[in-house]
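J.: heads up, no residue letters with this:
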Ligand code: FES
């Protein structure tokens, strides 16, 4: 679709540095005036829809006010977790004392760059793919995993991957605690309780992660039941990730 430049504000309306929210053809756009130049990106954090124009602006970075993901205001590139996809950037010009914005189509947005390198965006699973159950554990596999203990549980949970980041939930730092107790009425089995957090309170992958966690653990013949408790305090932060997860996401 062909978009035209739309006048959004007068040049004098926004100091340098400064940011404001404007509407262009019905889309909410975050407009920035930094180091003598103008930039515009969608007012939408690609992690979970946070309003970027409300975030903290530092040089050419805007931090989402919800969970802290940072974006490059020049390109829309996602620079830090938990966002891994670029938000849409738009063209800006100054003419006749005004600032004009021309929307770009989504396809014209550059790929994610910066700390999250281009091409590293994980593949998105379709809902049907995402819920595919792992195969049942064989006796040999269970024996190889070892006797049931917290380390064993964490090892098993490395099979469960965040469908957006494609990194396992242990290395992402989502597992806060594991409790193992005897199963009622069956001395050979155990009940497991897992305290798990999410990268955001409204994480859309939450139900899938809970289901996959239960599925992975109940494959063991010595597990009777699995309870997953969602814990949002303390909130998840990117520094909870292991080095392995950082490497996988290209964060240094
Ligand atoms: S909504 Fe922006 S970082 Fe979560």
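T.: Everything's here; your move. Treat the numbers as computed from the prediction; the structure is a model and nothing was measured.
J.: Surely residue 199 and residue 174 touch.
T.: Yes: using Cβ atoms under 8 Å, residue 199 is in contact with residue 174, at 7.4 Å. From N, CA and C alone the C-beta is placed, and that goes for glycine too.
J.: Find residues that contact each of the two.
T.: Residues touching both residue 199 and residue 174 (Cβ atoms under 8 Å, 6 or more residues apart in numbering) are 162, 236.
J.: Check the gap between residue 54 and residue 28 for me.
T.: 11 Å (Cβ to Cβ, to the nearest Å).
J.: Apart from its chain neighbours, what residue comes closest to residue 61?
T.: residue 70 (4.8 Å; Cβ to Cβ, 6 or more residues apart in numbering).
J.: Could you give the bridge partners of the one you found?
T.: residue 63 (DSSP bridges).
J.: what do you get for residue 18?
T.: Bridge pairing for residue 18 - DSSP bridges - gives residue 33.
J.: okay, now it: neighbour count?
T.: 12 (other Cβ atoms under 10 Å).
J.: which stretches of the stretch 1-150 of the chain form helices?
T.: 127-130, 139-145, 150-157 (DSSP state H, counting those that start in this stretch).
J.: Could you list the residues of the protein in contact with the ligand?
T.: 45, 47-50, 64, 66-69, 82-83, 200 (Cβ under 6 Å from any ligand atom).
J.: so residue 74 makes contact with residue 91?
T.: No: counting by Cβ under 8 Å, residue 74 does not reach residue 91; the two are 11.6 Å apart.
J.: which residues does residue 177 bridge with?
T.: residue 195.
J.: Give the full set of residues in contact with it.
T.: Contacts of residue 177 (Cβ under 8 Å, 6+ apart): 194, 195, 231.
J.: For this structure, which helix or strand comes out least confident on mean pLDDT?
T.: Ranked by mean pLDDT, DSSP states H and E, the weakest helix or strand in the chain is helix 127-130, scoring a mean of 34.
J.: Which parts of the stretch 51-200 of the chain are strands?
T.: Ranges of strands in the stretch 51-200 of the chain, per DSSP state E, counting those that start in this stretch, are 56-58, 61-63, 70-72, 89-95, 98-102, 175-183, 186-196.
J.: for the ones you listed, which one ends up most surrounded?
T.: strand 70-72 (a mean of 25; mean count of other Cβ atoms under 10 Å).
J.: mean confidence for that strand?
T.: For strand 70-72, the mean per-residue pLDDT is 94.
J.: Please apply the same query to stretch 162-176.
T.: Mean predicted confidence for stretch 162-176 is 92.
J.: Same question for stretch 200-211.
T.: Mean predicted lDDT for stretch 200-211 stands at 85.
J.: Likewise for stretch 245-252?
T.: 75.
J.: okay, now residue 23: neighbour count?
T.: So residue 23, with other Cβ under 10 Å, has 12 neighbours.
J.: Contact partners for the residue lying closest to it once chain neighbours are set aside?
T.: If the residues on either side of it in the chain are set aside, residue 23 comes closest to residue 29, at 7.1 Å by Cβ to Cβ, 6+ apart. Residue 29 is in contact with 8, 21, 22, 23, 40, 41, 42, 43, 90, 101, 103, counting by Cβ under 8 Å, 6+ apart.
J.: how does it look with 10 Å?
T.: Residue 29 is in contact with 6, 8, 20-23, 40-44, 52-53, 88-90, 92, 101, 103, counting by Cβ atoms under 10 Å, 6 or more residues apart in numbering.
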